[in-house]
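Enquirer: Take a look and give me a structure for this.
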Amino acid sequence: MFNLAPVIPSRSDLDWCWYLRRHGYAGDALERVLHDIGVMEPNGWAHWHPSTLTDTGAPVAVEFSADDKALALTTEVDNPAVAPATRLAKAYKIIADLGGTGPSIQLREVISAAQGLSALEYGARLRLRHDGKKLGITLLAEIPASASDLSPLMSETPFSLILQDYDPSARATMLAYDTLTQQVTIHCEADNVQRTILPALCMPAQVSPDVLSMSIDGMISCPPQIAFPTRTLGFSYTMGSAGTLPILSLSFSSKELFKDDTTIEKRVRTCGGNKLPSYKALLEHLPTAAVGKTHHGNFQMKARQNAAPVLSISVAAPWHSYE
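Expert: Numbers count the residues shown, from 1 in each chain. The predicted model follows:
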């Protein structure tokens, strides 16, 4: 049973609580979920080990998107010190406790088969979204690099040939399952590929590779070039209902692109960051990151037909480290 008692902010998470409460009911609802998961406690942030979710070690990252005004964040489901193999089961339980509809038995079997006995980094995480009316939950299940058989996962996807053509540099890394829409998103990465891969990536979604390439140049403010601006290209496809096109998104490490939070923030604002709801408010609550670390995570571009892509970026919560 989830606890509905009032949560009193304490010194270690005061900035974070005030940020959430600026969002009214949505912030209050997500704050309670974080307490119920255990990432936050009555006296502040839980004494968890640093997470690989963010560069600062924070176990929570806020997700900002130019086309979504809802409050959204990604969170660990357990202390990163706990064995990652146990976190998928915990994520399923949290979804059920919150009244969400978990993946089908068939999809659970596919995820379990993909994870198998492989070494995992995080196992599973949750993305939480609240628009002031309804809580949305997305399961983020890790697909390890050593996954032995992805054929049940990939055989019916429109981009399986991409992974085959660019193997071993391209690989699936994560499966996302939206408990409200039942949509599945497959996240992938490709190392050291050129922009010549864009036509193949864009074909399943029927979007323009030229528009995406120009948007990448605009994001990094540099002349056109054949190489991608980062060593690793992230890409994902969200599968809709039968007969609809998948949605393609690209992602890039903002730290690799711009090195520090100040420069990243300037580029975010130049690329439309002022339209990201409450982005500025979170930055006001963030302490200066340690040398060599950034609060900002990945830039993401969601491709659209006959239009510029939609920008999104993740930012670590103002977390207090106990290390």
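Enquirer: drop to CA atoms for contacts and neighbour counts, all remaining ones
Expert: Fine.
Enquirer: what about the protein, any weak spots by pLDDT?
Expert: Low-confidence segments of the chain (pLDDT under 70): 1-12, 148-168, 321-323.
Enquirer: Which stretches in it count as strands?
Expert: 40-41, 44-45, 60-65, 71-76, 124-130, 135-142, 170-178, 184-191, 232-239, 247-253, 296-304, 307-316 (DSSP state E).
Enquirer: residue contacts, the closest residue to Trp16 other than its chain neighbours?
Expert: Of all residues beyond its chain neighbours, the one nearest Trp16 is Pro318 (6.0 Å), with distances taken as C-alpha to C-alpha, 6 or more residues apart in numbering. Pro318 sits next to 13, 15-16, 58, 285-287 when contact means C-alpha atoms under 8 Å, 6 or more residues apart in numbering.
Enquirer: Out of those, list just those in helices.
Expert: Within the contacts of Pro318, residues falling in helices by DSSP state H are 15-16, 285.
Enquirer: Need the buried ones from those selected in ChimeraX.
Expert: Buried members of the ones in helices among the contacts of Pro318, defined by 16 or more other C-alpha atoms under 10 Å, are picked up in ChimeraX with:
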select :15,16
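Enquirer: want to throw the ones in helices among the contacts of Pro318 into JSON lines with distance to Phe64?
Expert: Formatted as JSON lines, the ones in helices among the contacts of Pro318 follow (distance: C-alpha to C-alpha, whole Å):
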{"residue": "Asp15", "distance to Phe64": "18"}
{"residue": "Trp16", "distance to Phe64": "16"}
{"residue": "His285", "distance to Phe64": "16"}
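Enquirer: Please name the residues that touch Leu30.
Expert: So Leu30 contacts 20, 128-130 (C-alpha under 8 Å, 6+ apart).
Enquirer: And for Arg87?
Expert: By C-alpha under 8 Å, 6+ apart, Arg87 lies in contact with 77-78, 122-125.
Enquirer: swap in Ser241?
Expert: By C-alpha under 8 Å, 6+ apart, the residues touching Ser241 are Gln183.
Enquirer: tell me the phi and psi of Ile226?
Expert: phi -80, psi -30 (degrees, to the nearest 10).
Enquirer: ok, it - how many residues close by?
Expert: Using other C-alpha atoms under 10 Å, Ile226 has 10 other residues around it.
Enquirer: gap between it and Arg125?
Expert: The gap separating Ile226 from Arg125 is 35 Å, by C-alpha to C-alpha, to the nearest Å.
Enquirer: again, but for Leu198
Expert: With distances taken as C-alpha to C-alpha, Leu198 is found 29 Å from Arg125.
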